[in-house]
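> output the structure for:
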Amino acid sequence: MGMGRYVVDAVLVEGRSAREVARAHGISKTWIYELIKRYRAGGYEALEPRSRRPRSSPCEASLETVQAVVQMREELEGQGHDAGAATIAYHLQSRIKDPPSRATVWRILKRQGLIVAQPQKRPHSSLVRFEAQLPNEMWQADITTWQLGGGEVVEILNLIDDHSRLFLGSRAYRRVKAADVVEGFHAAAELHGLPESFLSDNGAVFTGSYRGGKVLLEYELERLGVAFKNSRPYHPQTLGKVERLHQTLKRHLVRQAPARTLAELQGQLDAFARYYNHIRPHRALSGRTPLQVYSARLKARPVAAKAGTYFRVRQDRVDKTGKVSLRYDSRLYKIGIGRAYSGRPVKLLIADLNVRVIDTNGQLIRELTLDPSRNYQPIRQGLMSTMS
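Residues are numbered from 1 along each chain as shown. Model prediction:
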């Protein structure tokens with residue numbers, strides 16, 4: 001017997017006063033009269049607890065809004081993009097007249113059964129997140145793998161800015177070599193300037209410290225005044241931002257038509273980078289895009305680097321006379337390499353007047369300081385090396 005029925009019987013059947021029953025059970029006398037009124041109108045069934053849900057909800061999302069939210073989620077998932085409440089709310093701002101808030105979108109997704117609780121995940125409040133204070137204060141770099149349509153497994157080099165999450169570069173290779181890392185770094189630096197520091201794991205193309213030496217990237221960063229940092233072995237959390245970027249990128253790629261060549265894959269990487277940087281709102285950035293955050297503050301730069309350092313990467317092939325060409329400050333120079341390297345493809349790493357010539361495997365062939373007083377830079381002026 002419920003409390004409601006007991007109270008009604010005590011007053012109507014036993015003849016006890018409402019005041020006495022209210023005092024004995026610590027309830028309101030007014031509530032007892034309300035129960036008696038319900039009983040006389042509908043019997044004992046009327047005493048059952050009633051739903052507190054309002055008969056109408058003027059603020060409830062319209063059917064059109066619900067349909068727009070569900071459709072947008074399907075579109076984003078179909079393209080392999082993030083389809084969370086914040087992203088959906090952002091895109092609907094330009095789609096419908098009265099776009100819903102992020103909280104409203106979340107409630108709609110919950111009611112439609114499109115959000116599955118994941119209690120095994122740690123709450124965000126338990127995370128201790130490091131974030132660089134300025135753009136270009138730290139770049140993160142890492143390599144991930146992807147399978148082409150024909151079954152070949154290739155590698156993708158990704159670079160991201162730690163402060164803004166700006167996707168600095170994404171390049172596909174059959175196998176990433178030491179020279180490729182330097183080339184990717186310079187390509188990003190040409191667009192965004194040199195970073196203050198560079199963070200990577202302990203892969204062989206990034207560092208040779210565990211072998212007691214240095215690789216091409218370390219020499220290049222040292223030359224440019226960029227601080228080089230490594231994550232702890234078997235601790236991917238240090239590179240958490242670029243590791244998370246790998247997941248977001250692959251979720252997009254798996255929804256695309258399988259790329260059969262590196263060129264096709266590169267096209268998909270470029271398209272995703274544009275969307276990620278310019279369009280997609282980032283939850284960790286308070287709904288702003290990486291480009292908005294990157295552009296909002298002054299940029300950090302290498303502590304040891306000179307202001308206004310000129311640098312670029314040039315690809316060339318040693319001609320039959322053992323020379324390569326370099327145009328610097330609107331003037332064409334010839335650099336002697338040696339006939340032994342005739343026909344070999346090389347890369348020239350230029351930082352102001354300092355020039356380093358390497359082969360496609362990252363082997364240093366020659367390093368010199370350009371002499372602006374002469375068009376031809378003979379071999380005796382620079383360093384010849386067979387370093388690996």
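
> can you report how many residues lie near the nearest residue to His278 once chain neighbours are set aside?
Distances taken as CB to CB, 6 or more residues apart in numbering place Leu291 nearest to His278, at 5.6 Å, with adjacent residues excluded. Using the backbone N, CA and C atoms, a C-beta is placed for each residue, glycine as well. Using other CB atoms under 10 Å, Leu291 is surrounded by 17 other residues.

> quick one: Leu291 is in a helix?
Yes. Assessed with DSSP: H, G, I helix; E, B strand; the rest coil, Leu291 lies in a helix.

> so what's Pro378 up against?
Applying CB atoms under 8 Å, 6 or more residues apart in numbering to Pro378 gives the contacts Gly336.

> hmm, back to that, my guess is the residue nearest to His278 meets Leu166, correct?
Yes. Assessed by CB atoms under 8 Å, Leu291 is found in contact with Leu166 at 6.4 Å.

> so what sits against both of these two?
Counting by CB under 8 Å, 6+ apart, the residues touching both Leu291 and Leu166 are Asn277.

> what about the strands in this structure?
Taking DSSP state E to define them, one finds strands in the chain at 139-147, 153-161, 167-173, 197-200, 227-230, 311-317, 323-328, 331-336, 345-351, 354-359, 364-369, 376-377, 383-384.

> in CSV, list the ones you listed along with mean pLDDT and mean neighbour count.
CSV is the format used below for the strands of the chain (pLDDT from 0 to 100; neighbours: other CB atoms under 10 Å):
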stretch, mean pLDDT, mean neighbour count
strand 139-147, 96, 20
strand 153-161, 97, 21
strand 167-173, 96, 23
strand 197-200, 94, 22
strand 227-230, 92, 16
strand 311-317, 85, 15
strand 323-328, 90, 17
strand 331-336, 92, 16
strand 345-351, 89, 19
strand 354-359, 90, 21
strand 364-369, 91, 19
strand 376-377, 93, 16
strand 383-384, 46, 14
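
> quick one: these as JSON lines, columns for distance to Gly15 too.
Output for these, formatted as JSON lines (distance: least, CB to CB, whole Å):
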{"stretch": "strand 139-147", "distance to Gly15": "81"}
{"stretch": "strand 153-161", "distance to Gly15": "80"}
{"stretch": "strand 167-173", "distance to Gly15": "80"}
{"stretch": "strand 197-200", "distance to Gly15": "83"}
{"stretch": "strand 227-230", "distance to Gly15": "85"}
{"stretch": "strand 311-317", "distance to Gly15": "99"}
{"stretch": "strand 323-328", "distance to Gly15": "110"}
{"stretch": "strand 331-336", "distance to Gly15": "114"}
{"stretch": "strand 345-351", "distance to Gly15": "102"}
{"stretch": "strand 354-359", "distance to Gly15": "104"}
{"stretch": "strand 364-369", "distance to Gly15": "107"}
{"stretch": "strand 376-377", "distance to Gly15": "117"}
{"stretch": "strand 383-384", "distance to Gly15": "113"}
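
> nearest to Ala10, out of those strands?
Closest approach to Ala10 among the strands of the chain (CB to CB): strand 153-161, 71.5 Å.

> and Gly184, how far is that from Tyr6?
Distance of Gly184 to Tyr6, given as CB to CB, to the nearest Å: 78 Å.

> compare the two (neighbour count), which wins?
Between Gly184 and Tyr6, counting by other CB under 10 Å, Gly184 is the more crowded of the two (22 against 13).

> that one contacts Leu157, doesn't it?
Yes. With contact defined as CB under 8 Å, Gly184 counts as touching Leu157 (5.1 Å).

> joint contacts of these two?
Shared contacts of Gly184 and Leu157 (CB under 8 Å, 6+ apart): Ala141, Gly169, Arg171.

> nearest to Leu370, of these?
Among the shared contacts of Gly184 and Leu157, and counting by CB to CB, the member closest to Leu370 is Gly169, at 27.2 Å.

> quick one, what contacts that closest one?
Taking CB under 8 Å, 6+ apart, one finds Leu157, Asn158, Leu159, Gly184, Ala187, Ala188, Ala273 in contact with Gly169.

> take these and lay them out in a markdown table including distance to Leu221.
Converted to a markdown table, the contacts of Gly169 look like this (distance: CB to CB, whole Å):
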| residue | distance to Leu221 |
| --- | --- |
| Leu157 | 15 |
| Asn158 | 18 |
| Leu159 | 13 |
| Gly184 | 13 |
| Ala187 | 15 |
| Ala188 | 13 |
| Ala273 | 23 |
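
> so Leu194 makes contact with Val226?
Yes. Between Leu194 and Val226 there is a contact at 6.0 Å, judged by CB under 8 Å.

> any idea how the protein splits into domains?
3-47, 65-119, 139-295, 311-384 (automatic domain parsing).

> please identify the most buried of those.
Sort those by mean neighbour count, taking mean count of other CB atoms under 10 Å, and domain 139-295 sits at the top with a mean of 18.
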